[in-house]
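In: just to be clear, the model below is a prediction. Sequence and coordinates:
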Amino acid sequence: MSKKIGLKEAISIGIGGMVGGGIFAVLGLAVLLAKGGTPIAFLLAGILALLTSYSYVHLSKKYPDRGGTVKFINQGFGRTIFSGAINNLLWISYIVMLSLYASAFGSYAPNLWEITQNKTLNFHIYASAIICIATAINYYSIAVVGKIESYAVVIKLIILIGFIAIGAYGLIGNPSIAQLSISNWENPIKLFAGGMVIFVAYEGFELIANAAPDIINPEKNISKAYYYSVIFVIVLYIIIALVTVGSLPFNQIAKAQDYVLAEAAKPMLGQIGFTIITIAALISTFSAINASLYGGSKVNYEIAEDDELPHHFLAKFWNQPIGLLITAIATLILVNTLNLESISTAGSVGFILIFGIVNYVGFKLSKETNSNKGIPLFGCILCAVALIILIKQQLETNLVGVFVSLSIIVLCFILEWLYKKNETPTNKL
């Protein structure tokens, strides 16, 4: 018998999935792209997440399954080359997210202890080491992963809410508060594009879908878990963005882009505040890596079980799915070859496309799920618009990120087509 999940635990799964390493990794990037309009960029990304959560609510109620997003896509399209490719994209998007979290860890950690005199080398040592440690923990015990996650959610929320309270008080009389005025906002298209680049900071609410079969009183609690967690995180991110932009001059934010949240604690709390936020970032990113490694290997296993990946992926290595080791190795390669913006772009493109398709499934199956047809359709259209704007904006400033994103998508389709084409009758059983 699996342990039943109450509303409080379900909400914490959603919040824990979103407030992982995302906000620590992409806040500086968001300010760089949206300037004084950063809170609006987070709001726009949050609206897209909230619209998508409507589709997730109704699909989770109708088709509760530990496969979550994988099962919804198969429900909408059957087990086809298309659904297989999109599900594989979900797995690779987990790898991209892991790279983003490891990148944040590698940026924050040297502020506490510099291993060498070389800043770049320190980043690579820390980012690689944390992936190896988290992989070892996942192999050692899944129960330990769960314990780390439950403690980490509480610690990071206490520290972030403390940062907001003290930081908001520190805005009184701070000259940087003028940066929030409309004259310092980027144009609406850039604001929207900025919101979409950092959309990865919201993707974690989809983890509630995997827990749906275990949620007590699902008819009421599934919808509450999604909506409460997404709305709470939207408000949290907007206030964090307000405090950060109002505390530090833009040039200082640009200089400390990779660890800007810690830098924003300095005006009020000095070096102690900087250290506390750095520790919070390390705890958050470490717990996010732990949980995402576990989630990624589960997604990989589910896809293989649904015959959308070779059955070799059902094999076990040290009592864990082989996908865990493959996910860890792929993450190590990505984090050591791509920069933060390219990783963030690839993650956002992957998840916006997947969420657009889940919205389409929500629209297509609205009769079966007894839901409104218009909301998922609007969510699907908005995801398509977001993708176009994001790719267009990134083509001007980050060609590598766009190339990586599109290459991943094309590769998923090619590999799925080759697998289905060469599938033997034995595989199909």
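Out: All right, it came through fine. This is a predicted model, so every value here is computed, not measured.
In: could you use CA atoms for every contact and neighbour count after this?
Out: OK.
In: please enumerate the helices of the stretch 251-400 of the chain.
Out: 260-264, 266-305, 322-335, 340-364, 366-369, 374-397, 399-421 (DSSP state H, counting those that start in this stretch).
In: nearest to residue 188, out of those helices?
Out: Nearest to residue 188, of all the helices of the stretch 251-400 of the chain, is helix 374-397, at 11.0 Å by Cα to Cα.
In: got a list of contacts for that closest one?
Out: 48, 51-52, 54-55, 189-190, 192-194, 196-197, 345, 349, 352-353, 355-360, 362-363, 401-402 (Cα atoms under 8 Å, 6 or more residues apart in numbering).
In: ranking the helices of the stretch 251-400 of the chain by burial, who's on top?
Out: Highest mean neighbour count among the helices of the stretch 251-400 of the chain (mean count of other Cα atoms under 10 Å): helix 260-264, with a mean of 27.
In: got the helices of the stretch 251-400 of the chain as JSON lines, with distance to residue 13 columns?
Out: As requested, the helices of the stretch 251-400 of the chain are arranged in JSON lines below (distance: least, Cα to Cα, whole Å):
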{"stretch": "helix 260-264", "distance to residue 13": "23"}
{"stretch": "helix 266-305", "distance to residue 13": "10"}
{"stretch": "helix 322-335", "distance to residue 13": "21"}
{"stretch": "helix 340-364", "distance to residue 13": "18"}
{"stretch": "helix 366-369", "distance to residue 13": "23"}
{"stretch": "helix 374-397", "distance to residue 13": "23"}
{"stretch": "helix 399-421", "distance to residue 13": "27"}
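In: low-confidence ranges in the stretch 301-429 of the chain?
Out: Counting by pLDDT under 70, the stretch 301-429 of the chain has low-confidence residues at 424-429.
In: quick one, what contacts the closest residue to residue 250 other than its chain neighbours?
Out: Excluding the flanking residues, the one nearest residue 250 by Cα to Cα, 6 or more residues apart in numbering is residue 35, at 7.5 Å. Residue 35 makes contact with 179, 184-186, 245, 250 under the criterion Cα under 8 Å, 6+ apart.
In: whichever of those end up buried, select them in PyMOL.
Out: Remark: buried members of the contacts of residue 35, expressed as a PyMOL selection using 16 or more other Cα atoms under 10 Å:
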select buried, resi 179+185+186+245+250
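In: closest to residue 148 among the contacts of residue 35?
Out: For the contacts of residue 35, the nearest to residue 148 is residue 245 (31.3 Å; Cα to Cα).
In: could you measure from that closest one over to residue 179?
Out: 7 Å (Cα to Cα, to the nearest Å).
In: list residues touching both of the two?
Out: Joint contacts of residue 245 and residue 179 (Cα under 8 Å, 6+ apart) are 35-36.
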